[in-house]
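Participant: following is a predicted model, sequence given first.
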Amino acid sequence: MLISMTCRSLLNPFLNRSVLAPVAALSLLALSACSTRLSSPETLFGIIQPYQIDVVQGNVVTQEVMAQIQPGLGRNQVREILGSPLLADPFHADRWDYVFTIHRQGVPKQQRSVTVFFKGDVVERFDADKLPSEHEFVASIDKPADIKKPPANLTEAQLAALPVPAKTDEVRKAPQGAVREYPPLESGR
C-alpha cells in the first residue's frame, strides 16, 4: 500500500490533464515530423551534404577506341584494344560485355555498354550505346569549378582590384594514340 501511494505521488504531475495535454501534443508533433520530408535524400535537413565516394567501374570506351574494332579481329586483338571484359559469361562464351559506370559527386551519373559478339575466335558484330568522343568524355567527368561572382554594386576601381580567376574553358590537347589526359578523379583537398 505504501509503495503504491509513493508511485502515485511521483506520477501525479503526469496524471494531471494540464500537463498531459502539452506532452501528448509535443509527442504527436515529433512523430509527425518523422513522416514529412525536410530535405532531399542527398542532404541532411537541407544543410549538410554527406560525402559520397566516387565509384568508377568498368572500361572507358570512346568513339575513337571503338573505331578500331572491326569484324574479323581476333579475341586477343579485342582484348588489347578494349581491355578485359567486365562480363564474360561462361554460358555465352561468344559474347563479351564491356560496361562503364561512373558515379561522382557533382557530376551526372553515366552508364554505357558495348557488347562484342564472336563467331569462333573472330569478331562477328558488336552493339554499343551512343559513345562519347575522348573530348566529350573528359568534359563530362570534369567537375565544374566554383567561380564566385563579385557583387554587382562594386565600382570600376573595386572590380579592377579583384583577382582574376583562372580560365576553366581551356582547350585540352587532343589525345595522340594511346596517350590520354583525363582530369584526376580525386579532388585536391
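Facilitator: Perfect, I can see it now.
Participant: grab the longest strand from this protein for me.
Facilitator: Scanning the chain for the strand with the most residues, using DSSP state E, yields strand 107-119.
Participant: for that strand, which helices and strands make contact with it?
Facilitator: When contacts are defined as 3 or more CB pairs under 8 Å, 6 or more residues apart in numbering; DSSP states H and E, strand 107-119 packs onto helix 75-82, strand 95-104, strand 122-128, helix 134-141. From N, CA and C alone the C-beta is placed, and that goes for glycine too.
Participant: could you tell me the least trusted of the ones you listed?
Facilitator: Lowest mean pLDDT within the helices and strands packed on strand 107-119: helix 134-141, at a mean of 85.
Participant: so how far is Leu162 from Glu156?
Facilitator: From Glu156 over to Leu162 the distance is 11 Å, taken as CB to CB, to the nearest Å.
Participant: about what we covered before: of all the helices and strands packed on strand 107-119, which one is nearest Tyr51?
Facilitator: Closest of these to Tyr51 is strand 95-104, at 12.0 Å (criterion: CB to CB).
Participant: and the contacts of that closest one?
Facilitator: 52, 54-61, 78, 82-83, 85-89, 109-118, 141, 143, 185 (CB atoms under 8 Å, 6 or more residues apart in numbering).
Participant: same thing but at 7 Å, please
Facilitator: Residues outside strand 95-104 that contact it (CB atoms under 7 Å, 6 or more residues apart in numbering): 54-61, 82, 85-89, 109-117, 141.
Participant: with stretch 113-132 instead?
Facilitator: Contacts of stretch 113-132 with the rest of the structure, by CB under 7 Å, 6+ apart, involve 61-63, 66, 69, 71-75, 78, 94-99, 112, 140.
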